[in-house]
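Undergrad: Here is the input, now give the coordinates:
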Amino acid sequence: MQEYRIWECLVCGWVYDESKGAPEDGIAPGTRWEDVPKDWQCPECGVGKDDFEMIEVRRIAMAADNAAAAESPDKPLPSPVAASSDVDFSRAPVVIIGTGLAGYHLAKELRKLDQTTPLIMISADDGAHYSKPQLSTAFHKQRSPLQLVSNTAREMAETLNAQILTFTRVTAMDTASRVLTMRAGAHDQQLHYGKLVLAMGSDPVEIPMAGSAAGCAYSINDLQDFQRFYTGIAGARSVLVIGGGLIGCEYANDLIQAGFDVHVVEPQTQLLGSLIPPAAGDLVQNALTRAGVHFHLGTTVKNLDHAAGSVRVELADGSQLQVDRVISAIGVRPRVDLAQHAGVRTTRGIVTDRYLATSAEQVFALGDCADVDGHNLCYIAPLLAGARALAQTLAGSPTPVHYGNMPVSIKTTLCPVTVSPPPCNADGQWQYERSDSQGVIARFIASDGQLQGFALAGDACKQAPAFSEQTAPIMQN
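TA: Residues are numbered from 1 along each chain as shown. Coordinates of the predicted model:
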């Protein structure tokens with residue numbers, strides 16, 4: 001009998017054990033990974049099968065070892081393999097600025113290929129490893145910030161055989177001499193690098209608002225932000241979410257199922273307007289409305305004022321709301337300031353070629369902060385593809401990244417959405433194949449007849465693999 005295997009999600013660390021299956025998803029114990037449906041998604045973060053990785057754990061072999069140990073108690077069980085100590089400190093280090101999903105995933109990929117080059121990671125926070133997609137599902141699943149952490153920085157340092165500098169900010173970089181200036185507390189220090197990777201992520205977009213409570217809106221972009229909101233929402237019953245895009249809809253979906261009274265304000269007249277066509281947006285809105293979410297579309301927030309322990313909200317259309325807490329979920333903007341000040345070329349993001357190389361020698365960019373050959377995609381799939389390619393390049397085998405079709409799963413579980421947005425300047429239009437109360441199927445057909453995007457909502461999401469195969473890749477050549 002073939003030994004059972006365990007597969008781990010690259011994004012959030014959730015594991016699929018073939019011996020146990022996933023009964024909650026209708027997958028019986030003993031189901032082999034290759035027999036799990038292609039459209040199955042990680043129950044924690046929503047990524048597909050392609051973003052899982054096998055852990056070499058052989059359950060039958062382990063059971064045999066344990067039985068042998070019981071018969072021969074003097075024979076010790078195999079112990080975990082210790083981290084390699086073969087790092088060659090005479091070599092200039094690879095330095096990664098950022099310990100989010102991009103930084104840590106790159107480090108893992110690099111260590112598969114290169115165990116000898118010194119690796120240093122720099123984190124502005126505590127460097128904890130967690131799954132960012134879980135931030136917008138935590139309340140419904142009743143998870144605290146601490147429960148979202150899969151590994152501490154120390155544990156990651158041991159796993160990666162790396163040095164991780166926490167609560168440290170890079171204040172300047174000299175790309176000519178390859179020296180970083182860092183500040184930890186009140187102390188400045190310098191660090192020389194051989195190769196540098198900017199994996200600094202993005203910042204929440206902030207819009208100016210008037211009123212005495214204007215500075216009290218929470219933006220949730222990382223675990224520390226979530227910790228502040230998690231603490232601050234204690235005792236609250238109602239929440240206003242500013243923004244009806246991907247982030248705003250996910251938080252509305254999460255909070256309404258956690259028992260909060262939720263309002264959403266969105267300047268467009270439909271939800272997810274920059275990603276999906278109107279009928280799909282309407283399906284999401286209807287599902288969230290049935291769950292109790294109150295929508296205020298086609299208007300904006302004008303004032304936020306303190307009012308007897310809560311916040312009085314004045315909208316541009318003249319209406320008023322009273323809520324306990326406010327989340328700003330307008331969107332994100334790539335972090336480019338450090339690169340700009342160092343003379344590295346930037347547009348919306350830090351400009352790279354398909355090798356993730358910037359305009360500065362031996363400086364690379366990855367993830368939300370990178371504009372890769374004209375594509376600034378703040379999603380998981382491009383990040384994972386970039387990390388795999390860049391690890392090869394850093395290890396000595398220059399490898400360009402290629403973006404195929406990379407659909408995005410939006411975690412509005414009350415009405416799931418899978419979308420492959422067409423290029424920003426695509427010449428074409430949405431065409432509906434299906435639009436009813438249970439699901440929407442829409443194709444974005446370019447003027448030359450090519451399928452350049454699709455949007456699936458409701459029960460139609462199960463068709464995502466087939467649509468992905470038909471849709472043109474993001475990078476055409």
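Undergrad: can you give me the helices in the stretch 1-150 of the chain?
TA: Using DSSP state H, counting those that start in this stretch, the helices of the stretch 1-150 of the chain run over residues 59-71, 101-113, 145-148.
Undergrad: Could you give the bridge partners of the residue nearest to residue 104 when sequence neighbours are not counted?
TA: Once flanking residues are discounted, residue 104 sits nearest to residue 129: 5.6 Å by CB to CB, 6 or more residues apart in numbering. In short, each C-beta sits where N, CA and C put it, glycine included. On the basis of DSSP bridges, residue 129 is bridged to residue 151.
Undergrad: neighbours around residue 129, how many?
TA: Residues near residue 129, counting by other CB atoms under 10 Å, number 22.
Undergrad: can you check the one 3 residues further on too?
TA: Residues near residue 132, counting by other CB under 10 Å, number 19.
Undergrad: ok, the closest residue in space to it that isn't next to it in sequence to residue 285 distance?
TA: Computed as CB to CB, 6+ apart, the closest residue to residue 132 that is not its neighbour in sequence is residue 101, at 5.8 Å. Applying CB to CB, to the nearest Å, the value for residue 101 to residue 285 is 29 Å.
Undergrad: Let me see the contact set for residue 417.
TA: 272, 276, 280, 284, 409, 410, 455, 456, 457, 461 (CB atoms under 8 Å, 6 or more residues apart in numbering).
Undergrad: In helices, which of these appear?
TA: 280, 284 (DSSP state H).
Undergrad: Export the contacts of residue 417 to a markdown table and append columns for distance to residue 230, pLDDT and neighbour count.
TA: Converted to a markdown table, the contacts of residue 417 look like this (distance: CB to CB, whole Å; pLDDT from 0 to 100; neighbours: other CB atoms under 10 Å):
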| residue | distance to residue 230 | pLDDT | neighbour count |
| --- | --- | --- | --- |
| 272 | 25 | 96 | 25 |
| 276 | 30 | 96 | 29 |
| 280 | 31 | 97 | 28 |
| 284 | 25 | 98 | 26 |
| 409 | 24 | 89 | 22 |
| 410 | 22 | 92 | 24 |
| 455 | 32 | 97 | 28 |
| 456 | 32 | 96 | 27 |
| 457 | 30 | 96 | 30 |
| 461 | 29 | 90 | 23 |
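Undergrad: Hmm, residue 241 is touching residue 248, no?
TA: Yes. Proximity of residue 241 to residue 248 meets the contact threshold set by CB atoms under 8 Å, at 4.9 Å.
Undergrad: of the two, who's got more company?
TA: residue 241 (27 against 23).
Undergrad: can I see the domain layout of this structure?
TA: 6-71, 94-203+333-394, 206-330, 416-470 (automatic domain parsing).
Undergrad: Tell me the gap between the longest one and the middle of its chain.
TA: The one in question is domain 94-203+333-394. How far domain 94-203+333-394 lies from its chain's middle: 13 Å, per CA atoms, centre = their mean, to the nearest Å.
Undergrad: and the end-to-end length of that domain?
TA: Start-to-end span of domain 94-203+333-394 (CA to CA, to the nearest Å) is 8 Å.
Undergrad: I appreciate the help and will end here.
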